[in-house]
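>>> sequence and predicted structure below; questions after.
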Amino acid sequence: MTSLDARRRAAVALLLVAVAGGLLRLALRAAPVALPNAPPGRIACVSYTPFYQPGESPLDPHARVSAARIEADLAVLSRRFDCVRTYSVGQGMDQVPAIAQRNGMQVLLGIWLGRDPAANAREMALGIATARAHRAAIRAIVVGNEVLLRGELPASAIAADLDRVRAATGLPVTYADVWEFWLRHPQLAAHVDFVTVHILPYWEDDPVAVDQAVQHVAAVVGQVRTAFPGKPVLIGETGWPSRGRARQAAVPSLVNEARFVREFLLYAQQAHVPYNLIEAFDQPWKRRLEGTVGGYWGLYDDARQPKFPLHGPVAEDPRAWRALVPSALLALAFALPAWRRRHRHERALRALAGFGSGLALAAAWQQLADGARSTLEWSAGIAALAAMLTTVWILTARLARWIGDADAAPTVPASTPLLARLQSGWLIALAWLDLLRVFDPRYRDLPLALVAPATLGFALLCIAGLAPAIPHADRRPQLLALGTALLATIIVLQERGLNPDAWTWLGLNLLLGSNLWRIRRA
């Protein structure tokens, strides 16, 4: 076997492995996963924010939820939950207690506190009036939510507001915050009837993997009870996201969300721990604050349908095989230019490259749909997808003729400006994405499916000996490649080496960058 034949076989093998990996991913997403069943009976309470349709947001000062929307939402939630927790009484949320009572539910009534004294005064007055008017529907009043975490008010001001609401309503009051902030401000316990803590394993400073998440919740509850002996403890928020970026070993997915919720409900029943799950419906507006993952903590989607059952196996995406449709169409489109050529290997490689590109396109499109928050982001995302397909088309055309021609020589013209510009463009894009992730890492996704096809294409060109030549005098591409490798390594270190997506991202950076070191020619 000649050196040229060996390179052909290596290039085809690499492409086959990539396509097989894409098919394996589809199979894993479509396969049902056995999970423990949730205990029978109703769920205690769930956070309720009705701004779940596209364009809706409680951050809009003019937004107001209608009674009809609340009625429809609570009619659905009352089938599964005994209680809803709200976070404010403004924007029409003061209508919730009366509607909840008609649906046989109670309310943990939220009064929102921030840094604006006038807004706080209005919210407090409306909250007190609402509680007085619907006492039978109110389980307790939550005065302030994560105010200490946001640094908007001192603990003394929150304590004064708690005392005022209790005196004005005669109802139990509490304050809700991340559990660490309760431990930092224990003086607030004297002003509440019970301590309300948020325990979100995914968002911890040291994120907790889903297989250890419920044990972490139990450990925190024990720590808080020890810190506040004799004071009841309510888990005011706990849950798991179904989509978004992994944080170290904490991976958002529908299966992981279902697993956490089921295991937590079993724990709560056995340990007799009062709780509230976050949250009823996915909240797209939270993606502006928390990235993709912020919009996908709901137990229901925006069509008021449960995202997963509480019993039986759960599949990440039962319709994942739909990705085979664009894959087949792209395989046909890629193969058509070589349809009349006599070399079947050329047609086969084109079809294989098109099929693999279709798998990547479906995954990248889903990531775009999950995370895009504006017309600008949609436009930029679609442009990036078009750039990916265009790049793969150009690289495939070059590779296909080389694969199909048995007498092809491994040489390439000295000047290949288009390929050189394409490779430099992708390297610059990687460097930009690396910089964003290194300096603003908390909420940014890694676009693996978008970057992988072009990176793989340039690797195949390098194997074939068809990569664009780089003059010895030009060190800029190599310096850029070195920079992307270093930045991608930092991303892995930021994730403490626990995030498989970060390792894959490092691999893509190294693969594209290493080509530039291998293809230098005089």
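Here it is on my side, so go on.
>>> and whichever strand or helix holds Ala258, what does it pack onto?
Of the helices and strands defined by DSSP states H and E, Ala258 is found in helix 254-271. Contacts defined by 3 or more CB pairs under 8 Å, 6 or more residues apart in numbering; DSSP states H and E place helix 254-271 against helix 210-227, strand 275-277, strand 314-315. Yep, even glycine has a C-beta here, placed from its N, CA and C like the rest.
>>> chain center to that helix, what's the gap?
Mean-position distance between helix 254-271 and its chain equals 20 Å (CA atoms, centre = their mean, to the nearest Å).
>>> again with stretch 115-129
34 Å.
>>> all helices of the stretch 351-500 of the chain, in order?
For the stretch 351-500 of the chain, the helices defined by DSSP state H, counting those that start in this stretch occupy 375-404, 417-439, 448-464, 476-494, 500-518.
>>> now, of these, which is deepest in the fold?
helix 448-464 (a mean of 23; mean count of other CB atoms under 10 Å).
>>> tilt between it and helix 375-404?
30 degrees (axes from the mean of the first three to the mean of the last three CA atoms, to 10 degrees).
>>> tell me the gap between helix 448-464 and the middle of its chain.
Remark: helix 448-464 is offset 25 Å from the chain centroid, using CA atoms, centre = their mean.
>>> other SSEs contacting that helix?
Counting by 3+ CB pairs under 8 Å, 6+ apart, helix 448-464 packs on helix 3-30, helix 344-371, helix 375-404, helix 417-439, helix 500-518.
>>> single out the most deeply packed of the helices and strands packed on helix 254-271.
Of the helices and strands packed on helix 254-271, strand 275-277 is the most buried (mean count of other CB under 10 Å), at a mean of 25.
>>> next secondary structure after that one?
helix 287-290.
>>> what average pLDDT does that next one get?
In this model, helix 287-290 has a mean pLDDT of 91.
>>> and that helix, what's buried?
287, 290 (16 or more other CB atoms under 10 Å).
>>> on that earlier part again, any chance of the helices of the stretch 351-500 of the chain in JSON lines, plus distance to Glu257?
Output for the helices of the stretch 351-500 of the chain, formatted as JSON lines (distance: least, CB to CB, whole Å):
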{"stretch": "helix 375-404", "distance to Glu257": "24"}
{"stretch": "helix 417-439", "distance to Glu257": "24"}
{"stretch": "helix 448-464", "distance to Glu257": "21"}
{"stretch": "helix 476-494", "distance to Glu257": "24"}
{"stretch": "helix 500-518", "distance to Glu257": "18"}
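>>> make a markdown table out of the helices and strands packed on helix 254-271 and add mean pLDDT and distance to Trp426.
A markdown table is the format used below for the helices and strands packed on helix 254-271 (pLDDT from 0 to 100; distance: least, CB to CB, whole Å):
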| stretch | mean pLDDT | distance to Trp426 |
| --- | --- | --- |
| helix 210-227 | 97 | 34 |
| strand 275-277 | 98 | 43 |
| strand 314-315 | 97 | 34 |
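>>> in TSV: those, plus distance to Glu180.
Conversion of the helices and strands packed on helix 254-271 to TSV gives the following (distance: least, CB to CB, whole Å):
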stretch	distance to Glu180
helix 210-227	9
strand 275-277	18
strand 314-315	32
